[in-house]
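Engineer: 3D, please:
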Amino acid sequence: MYQVRTDLALEAREKFEDDHVEVKGVIVKQEHVKGNMTVTKVVIETENGAKAMGKPKGNYVTLEAPDMADSDEDYHREISMQLAKILKELIPIEKKELSVLVVGLGNREVTPDALGPRVVDNMMITRHIIRQFGKYAFGLKNNHQISSIVPGVMAQTGMETLEIIKGVLEETTPDYIIAVDALAARSTKRLNRTIQITDTGISPGSGVGNHRHALNRESVGIPVIAIGIPTVVDAVTIVGDTMSNLVSAMEETRRLEGLGHSISQLEEAEKHELIRELLSPNLNAMFVTPKDIDESVKRLSYTISEGINMAFFPA
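Structural biologist: From the prediction side, this is the model:
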């Protein structure tokens, strides 16, 4: 069966909607919030639902902000506030003092993959201060101990990300892990405009086909909250979208109508297989990112780090 190349549970669910297929054991709730933003919650409740979606059981919250690519600081603050609200729903932040390890996944030297490390750069790190000066160092009701690590990628360290993190966990014993990583999307309209938050953990590098050991509750023994923004899209996806637009244009203008009709009759899996054959051998493994990705990653890293900071240290 053909699987859409995407890290977003929302897009995986939309694929079934497009095919008019109902997925049992999967609940979807959508809410429109301030700032022209949409929050969609996808809850995978059963093993059958997880198998159909190709994702583990758990909660997947997607925050879509169409203007996230813009540099409006007030708008990005609204996004950070929504992110903080979602995190508070997944982590008992207000009930007790927590020790949290923030993990910046990705390669700092590759801009589309540098989101995680740059988020860590902007985090409010408190563990060392609280351990030295006591729990009232910041004068807050709950003084959460926040620590961070950027484990790099295997090509840099020769070690699995999970191996490095397990070593840190033995020494620091946090209550939660928040892992931040760049993702891959199915739709170009969601690049740098969507944040996914999930309590199911993450598999580093899965978006571009580099499958590593999963970072989740089963592998590390504590809850793992994953936050990601899609920064790349599969080249096959772009060609597929272009082909669909071309077919629509052919049918509307009645130019090469027969060819357009023939292509439109192909099933989704057949169409993508055709595209892969046309792109092979040089382009079918290519991922594409927007031309302004440098500025986008810099801006979005602040947005995510501020959301995490707001959740644990409200003003």
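
Engineer: quick one: the helices in this protein?
Structural biologist: 9-18, 47-53, 73-90, 115-121, 127-133, 154-157, 161-172, 217-220, 235-253, 257-264, 268-279, 293-312 (DSSP state H).

Engineer: Mean pLDDT and mean neighbour count for the ones you listed - can I get that in JSON lines?
Structural biologist: The C-beta positions use only the backbone N, C-alpha and C, and glycine is treated the same way. Listed next are those as JSON lines, based on pLDDT from 0 to 100; neighbours: other C-beta atoms under 10 Å:
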{"stretch": "helix 9-18", "mean pLDDT": "70", "mean neighbour count": "19"}
{"stretch": "helix 47-53", "mean pLDDT": "87", "mean neighbour count": "16"}
{"stretch": "helix 73-90", "mean pLDDT": "96", "mean neighbour count": "18"}
{"stretch": "helix 115-121", "mean pLDDT": "97", "mean neighbour count": "24"}
{"stretch": "helix 127-133", "mean pLDDT": "90", "mean neighbour count": "13"}
{"stretch": "helix 154-157", "mean pLDDT": "88", "mean neighbour count": "12"}
{"stretch": "helix 161-172", "mean pLDDT": "94", "mean neighbour count": "15"}
{"stretch": "helix 217-220", "mean pLDDT": "94", "mean neighbour count": "15"}
{"stretch": "helix 235-253", "mean pLDDT": "70", "mean neighbour count": "15"}
{"stretch": "helix 257-264", "mean pLDDT": "56", "mean neighbour count": "13"}
{"stretch": "helix 268-279", "mean pLDDT": "66", "mean neighbour count": "15"}
{"stretch": "helix 293-312", "mean pLDDT": "96", "mean neighbour count": "21"}
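
Engineer: Of these, which is nearest Gly25?
Structural biologist: helix 47-53 (2.9 Å; C-beta to C-beta).

Engineer: Touching the closest one from outside, list them.
Structural biologist: Helix 47-53 is contacted by residues Ala9, Ala12, Arg13, Phe16, Val23, Lys24, Gly25, Val26, Ile44, Pro56, Lys57 when judged by C-beta atoms under 8 Å, 6 or more residues apart in numbering.

Engineer: Stretch 153-167 too?
Structural biologist: With C-beta under 8 Å, 6+ apart, stretch 153-167 has contacts from 101, 103, 105-107, 113, 149, 151, 177, 204-205, 212-215, 219-220.

Engineer: mind redoing it with 6 Å?
Structural biologist: Asn107, Pro151, Pro204, Arg212, His213, Leu215 (C-beta atoms under 6 Å, 6 or more residues apart in numbering).

Engineer: Cool, thanks, signing off.
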